[in-house]
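Engineer: structure for the following, please:
(one chain, ligands or ions: 1)
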Amino acid sequence: MAYLQPDKEGKVYLPAIRAAKERGEKLVCLTAYDYPTARIVDEAGVDMILVGDSMGNVIHGYGNTIPVSLDEIISACIAVKRGTERAMVIADMPFGTYHVNEDDSVKNALRLMKYGGAEAVKLEGGRNRVELVKRLVNEEIPVVAHIGLTPQSVYKMGGYRVQGRTAEQAKLLIEDAKMLEDAGAFAIVLELVPREVAAMITAELEMSTIGIGAGLDCDIQVLVLHDLVGMTFGRQPRFVRQYASVRDVMTDAIHKWTADVKSGAYPSDQESYGLTDETKKEMSA
Ligand code: KIV
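Structural biologist: Alright, predicted model coming up:
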């Protein structure tokens, strides 16, 4: 039997993430929820693609991540995986899929890998997830942890606010991060935490930190693609830097097409199909 090496040379797996931290090289991660955006993100050289439950806000219009289902993430993950050659594909475990018991959580994570094609899973929580992370890692499931602002706790937290601002809260976050590293997580999302806290966690831990609203010291930066390219509605948090206005580009194209349809300029002869002269003759006979 020959060992078939997984995918192409240069494909990002765990060792590449660890090696980048050791070299002090920053990596980038973006969300994607479908084939075309995954392809664009992957071809642009992004190292990790997160099939995030932010899809609840961004593409489903739910208003938060709570209603996102495992099937929605799996379906998105299948499409993202087809559009990705190099980046590591990470799937979010949605709310309710790792909260009941460890066996069901493992089954759900395995579904994300077996059917969705995910190469790692991400779940929210601190010390309360340590035993689960150990179990998942023991079952060969690479795990990304997520602390700080955990959007699945929005009702408990009462909103989206910076976490770890007091010395006591900051210490708890640092402890949580260490416990999750000891449990076997290979990376950890730090969302909306003071940059000093993120810097301490990044310096103290061997696992990679993935920052969003956590300052520039994190090993990896992640953003929601739709925020980065301007395909969202409403006020953006201060950490979002919008590099394009795809929504305006799309609106402009739609306006132009509508005007062409109304004026009769679309479709032109070149954009239409016709009968051959022979068929026309036969029809008029
Ligand atoms: O769901 C998501 O997109 C995330 C990122 C914001 C880290 O969890």
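Engineer: for the closest residue to the ligand within the stretch 51-200 of the chain, grab phi and psi.
Structural biologist: The stretch 51-200 of the chain approaches the ligand most closely through Gly52 (2.3 Å), counting by CB to the nearest ligand atom. Glycine gets a C-beta too; all of them are placed from N, C-alpha and C. The phi/psi pair for Gly52 (degrees, to the nearest 10) reads phi -80, psi 150.
Engineer: and it, what does it touch?
Structural biologist: Thr31, Tyr33, Asp92, Lys122, Val224 (CB atoms under 8 Å, 6 or more residues apart in numbering).
Engineer: and if you look at Arg39?
Structural biologist: Counted by CB under 8 Å, 6+ apart, Arg39 has contacts Gly83, Thr84.
Engineer: the helix or strand hosting it and the ligand, are they touching?
Structural biologist: Assigned by DSSP states H and E, Arg39 belongs to helix 35-43. No - against the ligand, helix 35-43 shows no contacts by CB under 6 Å from any ligand atom, the least distance being 12.7 Å.
Engineer: I'd like the next helix or strand past that helix.
Structural biologist: Note on helix 35-43: by DSSP H and E, the next helix or strand toward the C-terminus is strand 48-51.
Engineer: gap between that following strand and the chain center?
Structural biologist: Distance of strand 48-51 from the chain centroid (CA atoms, centre = their mean, to the nearest Å) equals 4 Å.
Engineer: quick check: mean pLDDT across it?
Structural biologist: Averaging pLDDT along strand 48-51 yields 98.
Engineer: near the ligand, which residues of the stretch 1-150 of the chain?
Structural biologist: Within the stretch 1-150 of the chain, the positions near the ligand by CB under 6 Å from any ligand atom are Thr31, Leu50, Gly52, Asp53, Ser54, Asp92.
Engineer: doesn't Val121 make contact with the last one?
Structural biologist: Yes - the criterion here is CB atoms under 8 Å, and Asp92 meets it with Val121 at 7.5 Å.
Engineer: comparing the two, which residue is more hemmed in?
Structural biologist: Asp92 (30 against 26; other CB atoms under 10 Å).
Engineer: which residues of the chain fall in strands?
Structural biologist: 27-31, 48-51, 88-92, 120-124, 143-148, 187-191, 208-212, 220-223 (DSSP state E).
Engineer: need the winner for burial among the ones you listed.
Structural biologist: Comparing the strands of the chain by mean neighbour count (mean count of other CB atoms under 10 Å), strand 48-51 ranks first with a mean of 29.
Engineer: name the strands paired with it and say parallel or antiparallel.
Structural biologist: Here strand 48-51 has these sheet partners by DSSP bridges: strand 27-31 (parallel), strand 88-92 (parallel).
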